[in-house]
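Colleague: missing the sequence, but the structure's below:
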């Protein structure tokens with residue numbers, strides 16, 4: 001059985017990522033890309049669907065021992081786990097070197113004290129656990145082949161096969177270092193070069209040290225901010241600049257339920273807000289790469305803008321269910337692809353335009369096509385902003401006139417007006433100023449409940465929605481506007497969990513709610529960070545700081561956050577780690593630091 005979601009560590013090479021549990025088991029790895037088929041899919045099934053466990057040996061009738069300590073080596077993505085056993089202490093170092101050829105996962109076992117018996121158990125299953133590869137020896141190396149894929153396993157330890165699994169049993173003493181490496185290669189090509197684990201470890205550490213040195217944030221929350229930035233960098237697909245929302249699929253928002261989605265794609269919304277956080281902390285190269293990715297993905301057809309694309313800009317992300325996988329803790333179905341790709345989500349135009357605006361304001365070199373794209377997006381919005389859409393939360397129920405979507409349409413027009421006023425673009429300035437006023441007036445008249453002094457989720461509804469917290473942050477209304485304060489207080493009253501975190505919107509249990517799905521979900525962590533931001537903006541900085549630090553306490557021992565927090569089970573839920581949780585963590589830390597609202 002897979003561990004709790006928060007029991008996992010992330011390692012990656014900025015092209016794919018693996019999740020490593022506390023007991024030394026890699027339960028998730030897709031090769032060669034984030035969105036490729038998994039060769040270890042035990043996270044969504046059982047050991048029969050692929051895993052790689054490396055740790056102290058244990059009796060067959062016992063559970064594998066969990067590490068007594070684990071941490072990342074400094075500010076890096078190199079994981080170090082230590083076990084204390086009756087016979088001594090052992091350390092395992094796990095990492096994936098930034099790629100210059102075949103993707104590799106390297107695991108180095110090091111004896112610390114005593115003599116510790118160890119075991120490596122490697123069970124590769126291709127196509128999300130469905131295909132058993134042909135495993136054989138080739139010039140002294142172990143290779144697993146299935147169709148177009150091959151995975152090469154290299155170690156100095158003696159290996160043997162049993163029950164369709166490759167084992168190595170060995171003992172380490174102080175100073176012993178034994179490396180294990182798997183490398184992916186197309187099966188029709190020559191074998192990948194022999195790995196050089198120690199040199200790769202040194203190069204990986206140097207890479208992360210140099211990257212972190214570019215961070216311009218030096219405030220009181222630096223540890224949390226740096227770890228979040230490293231996580232966001234790990235979710236960036238280096239060859240193209242695309243940014244995945246998470247490296248996993250189908251980790252449930254509701255344990256045992258059907259709210260299970262594939263997040264291994266580039267949502268324009270998630271990528272745009274990630275870009276904003278990177279820009280605010282000094283990472284302009286990532287911003288430039290994402291802008292280039294965006295221009296390629298959208299190409300010459302901005303009227304057919306998708307809300308998400310593949311990490312190389314692919315448009316077809318057809319959704320399918322993998323019925324041979326039982327799902328994480330029996331949360332079925334397991335989905336790959338995402339049917340929301342072709343939804344209409346008008347807010348995306350605002351997020352993309354805001355990201356391009358911020359890039360422009362922070363001095364990113366001008367790109368004429370980026371300005372042209374921005375103008376084309378507004379021309380599209382001129383004709384379509386009054387339409388209902390599926391909104392930020394990608395509802396699978398009927399389209400509605402979501403207030404947040406209209407607010408973000410206003411943002412798109414507002415930022416484009418600023419671009420024209422700066423002299424860096426030409427457009428119908430007066431006409432678009434009228435459009436901006438029309439959208440603003442429409443939202444304030446149709447999306448605001450005067451009796452309750454709050455904006456609502458959609459025109460004519462009484463439901464609230466945490467995305468309304470972005471109204472002051474986007475500059476739609478000032479923080480001291482009574483309607484803003486009323487909305488913040490209404491969301492606190494109606495969408496708060498008992499422990500003070502914020503739900504996205506009301507759900508209906510077994511009945512279908514506004515999102516068209518049965519079941520409930522946890523507190524969406526981004527929404528709770530938004531609340532902390534808003535509280536700081538309206539002067540309740542002490543309350544904002546306390547909520548922020550309470551949110552920080554939800555991170556796992558390595559500083560990682562999933563998408564949501566289940567207030568009943570008191571555990572993380574949803575895909576992991578989630579960019580949409582780490583981005584607002586960074587933004588809130590920056591805001592609280594600027595306001596001086598921090599303890600100590």
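Modeller: Looks like it came in fine. Because the structure is a prediction, the values reported are computed rather than measured.
Colleague: Could you use CA atoms for every contact and neighbour count after this?
Modeller: Noted.
Colleague: Could you tell me which ranges of the protein sit under the pLDDT cut-off?
Modeller: For the chain, the stretches with pLDDT under 70 are 508-519, 597-600.
Colleague: how about the nearest residue to residue 338 once chain neighbours are set aside, what does it touch?
Modeller: Using CA to CA, 6 or more residues apart in numbering and skipping the chain neighbours, the partner closest in space to residue 338 is residue 319 (4.7 Å). Going by CA atoms under 8 Å, 6 or more residues apart in numbering, residue 319 touches 335, 336, 337, 338, 339.
Colleague: Report how many residues lie close to the second one.
Modeller: By the measure other CA atoms under 10 Å, the count of residues near residue 336 is 22.
Colleague: Quickly list what it is bridged to.
Modeller: residue 320 (DSSP bridges).
Colleague: shouldn't it be in contact with residue 323?
Modeller: No. Applying CA atoms under 8 Å, one finds residue 336 not in contact with residue 323, separated by 11.0 Å.
Colleague: for residue 91, phi and psi?
Modeller: phi -120, psi 140 (degrees, to the nearest 10).
Colleague: Who are the contact partners of it?
Modeller: Contact analysis of residue 91 by CA under 8 Å, 6+ apart lists 80, 81, 82, 83, 109, 110, 111, 112.
Colleague: out of the residues you listed, who's nearest residue 13?
Modeller: Within the contacts of residue 91, proximity to residue 13 (CA to CA) peaks at residue 80, which comes in at 16.4 Å.
Colleague: Sheet partners, orientation included, of the strand or helix carrying the closest one?
Modeller: Element membership for residue 80, per DSSP states H and E: strand 79-85. Strand pairing for strand 79-85, determined by DSSP bridges: strand 69-72 (antiparallel), strand 88-95 (antiparallel).
Colleague: ok, and what's touching that strand?
Modeller: Outside strand 79-85, the residues within contact range by CA under 8 Å, 6+ apart are 9, 11, 22, 24, 55-56, 65-73, 89-95, 116.
Colleague: Filter these down to the buried ones.
Modeller: Using 16 or more other CA atoms under 10 Å as the burial test, the contacts of strand 79-85 include 9, 11, 22, 24, 55-56, 65-67, 70-72, 89-95, 116 as buried.
Colleague: Tell me where this protein has helices.
Modeller: With DSSP state H applied, the chain shows helices at 126-129, 197-212, 222-234, 268-280, 284-298, 347-361, 368-384, 403-421, 429-446, 470-473, 482-494, 525-537, 541-552, 579-595, listed in chain order.
Colleague: To residue 250, which of those helices lies closest?
Modeller: Comparing the helices of the chain by CA to CA, helix 126-129 comes nearest, at 12.3 Å.
Colleague: other SSEs contacting the closest one?
Modeller: In terms of contacts (3 or more CA pairs under 8 Å, 6 or more residues apart in numbering; DSSP states H and E), helix 126-129 is packed against strand 38-40.
Colleague: Could I get the buried residue list for the strand it packs on?
Modeller: Using 16+ other CA under 10 Å as the test for burial, strand 38-40 gives 38, 39, 40.
Colleague: Now tabulate the helices of the chain in CSV and tack on mean neighbour count and distance to residue 260.
Modeller: Formatted as CSV, those follow (neighbours: other CA atoms under 10 Å; distance: least, CA to CA, whole Å):
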stretch, mean neighbour count, distance to residue 260
helix 126-129, 24, 16
helix 197-212, 15, 32
helix 222-234, 21, 22
helix 268-280, 24, 18
helix 284-298, 19, 26
helix 347-361, 23, 22
helix 368-384, 17, 30
helix 403-421, 24, 24
helix 429-446, 15, 32
helix 470-473, 19, 26
helix 482-494, 19, 25
helix 525-537, 25, 17
helix 541-552, 18, 23
helix 579-595, 22, 16
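Colleague: quick one: which of those helices is nearest residue 157?
Modeller: For residue 157, the closest of the helices of the chain is helix 197-212, at 14.0 Å, according to CA to CA.
Colleague: what residues does the closest one touch?
Modeller: Helix 197-212 is touched from outside by 75-78, 95-98, 106, 108, 179, 181, 226, 230, with contacts defined as CA under 8 Å, 6+ apart.
Colleague: Give the full set of residues in contact with the residue lying closest to residue 419 once chain neighbours are set aside.
Modeller: Distances taken as CA to CA, 6+ apart put residue 425 closest to residue 419, at 6.1 Å, once the chain neighbours are dropped. Contacts for residue 425 (CA under 8 Å, 6+ apart) come out as 371, 372, 419.
Colleague: where's residue 425 relative to residue 366, distance?
Modeller: 11 Å (CA to CA, to the nearest Å).
Colleague: Equivalent analysis for residue 70, please.
Modeller: 44 Å.
Colleague: Equivalent analysis for residue 157, please.
Modeller: 54 Å.
Colleague: Please identify which of these two sits among more neighbours.
Modeller: Neighbours were counted for residue 157 and for residue 366 using other CA under 10 Å; residue 157 has more, 15 against 11.
Colleague: So that one is in contact with residue 167, correct?
Modeller: No. Taking CA under 8 Å as the definition, residue 157 is not a contact partner of residue 167, at 9.7 Å.
Colleague: Report how many residues lie close to residue 507.
Modeller: 18.
Colleague: Make CSV from the strands paired with strand 79-85 and add distance to residue 439 to it.
Modeller: Formatted as CSV, those follow (distance: least, CA to CA, whole Å):
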stretch, distance to residue 439
strand 69-72, 48
strand 88-95, 49
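Colleague: right, so of the ones you listed, which gets closest to residue 488?
Modeller: strand 69-72 (37.4 Å).
Colleague: ok, residues contacting that closest one?
Modeller: Outside strand 69-72, the residues touching it (CA under 8 Å, 6+ apart) are 22, 78, 79, 80, 81, 82, 83, 557, 558.
Colleague: Can I have the buried ones of the residues you listed as a PyMOL selection?
Modeller: A single PyMOL command selects the buried members of the contacts of strand 69-72 (16+ other CA under 10 Å):
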select buried, resi 22+78+79+80+81+82+83+558
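Colleague: In contact with residue 578: list those residues for me.
Modeller: Counting by CA under 8 Å, 6+ apart, residue 578 has contacts 245, 246, 561, 562, 563.
Colleague: Of these, which belong to strands?
Modeller: Taking DSSP state E, every one of the contacts of residue 578 sits outside strands.
Colleague: Please identify which pair of those lies farthest apart.
Modeller: Farthest pair in the contacts of residue 578, by CA to CA: 245 and 561, 12.4 Å.
Colleague: burial of residue 136, as a residue count?
Modeller: Residue 136: 13 neighbours (other CA under 10 Å).
Colleague: just the one 10 residues further on next, same as before
Modeller: Burial measure for residue 146: 17 neighbouring residues, criterion other CA under 10 Å.
Colleague: Can you tell me, leaving aside adjacent residues, what's nearest to it?
Modeller: Computed as CA to CA, 6+ apart, the closest residue to residue 146 that is not its neighbour in sequence is residue 133, at 4.8 Å.
Colleague: Residue 144 is in contact with that neighbour, correct?
Modeller: Yes. Residue 133 lies in contact with residue 144 (CA under 8 Å); the separation is 5.5 Å.
Colleague: No further queries at this time; thank you.
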